[in-house]
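# A structural model of the following input is requested.
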Amino acid sequence: MSEKTVQAYSDSATQLVAHVRAHSDARDADELRRGHVEEFLADVASKRRPATVSVRFRSLQQFLGCCWMRRRSSARPWSA
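Take a look at the predicted model:
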């Protein structure tokens with residue numbers, strides 16, 4: 001994975017967390033909902049070009065998918 005890709009994922013996740021903390025009561029990853037991501041992307045769309053929204057969406061899609069897979073695998077003790 002290129003450094004630019006890693007940076008895009010990191011920037012998107014950091015911005016999402018900042019947005020959620022500023023606009024909701026969610027304080028934990030378990031409290032993150034689809035609506036939070038939709039609100040974040042709508043906010044980005046109101047301030048940035050469509051290409052930026054696309055990058056944020058695709059970055060979060062990959063990042064959150066990875067988080068979900070890690071969480072699922074850690075719930076199964078037999079998968080190391």
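# Please report the distance of the spatially most central residue of the chain from Leu41.
In the chain, the centroid-proximal residue (C-alpha atoms, centre = their mean) is Leu60; its distance is 3.7 Å. As judged by C-beta to C-beta, to the nearest Å, Leu60 and Leu41 stand 8 Å apart. Just so you know, the C-beta spots here come from the backbone N, C-alpha and C atoms, and that holds for glycine as well.
# wait, what's in contact with the residue nearest to the centre of the chain?
Ser12, Ala13, Leu16, Val37 (C-beta atoms under 8 Å, 6 or more residues apart in numbering).
# ok, now Asp11?
Residues near Asp11 by C-beta under 8 Å, 6+ apart: Ser59.
# what comes up buried for the host helix or strand of Asp11?
For Asp11, the element it lies in under DSSP states H and E is helix 3-23. For helix 3-23, burial by neighbour count (16 or more other C-beta atoms under 10 Å) applies to Ala8, Tyr9, Ser12, Ala13, Gln15, Leu16, His19, Val20.
# I'd like the average pLDDT over it.
For helix 3-23, the mean per-residue pLDDT is 94.
# Run the chain-centre distance for it.
Offset of helix 3-23 from its chain centre (C-alpha atoms, centre = their mean, to the nearest Å): 6 Å.
# Show the pLDDT at Leu64.
pLDDT recorded at Leu64 is 88.
# Identify the residue nearest it in space, chain neighbours excluded?
Sequence neighbours aside, Val37 is the residue nearest to Leu64 in space, at 7.6 Å (criterion: C-beta to C-beta, 6 or more residues apart in numbering).
# How about the contacts made by the one you found?
Neighbouring residues of Val37 by C-beta under 8 Å, 6+ apart: Leu16, Leu60, Leu64.
# and the angle for the longest helix belonging to the chain with helix 3-23?
Criterion DSSP state H: the longest helix present in the chain is helix 50-74. Going by axes from the mean of the first three to the mean of the last three C-alpha atoms, to 10 degrees, helix 50-74 is angled at 90 degrees with respect to helix 3-23.
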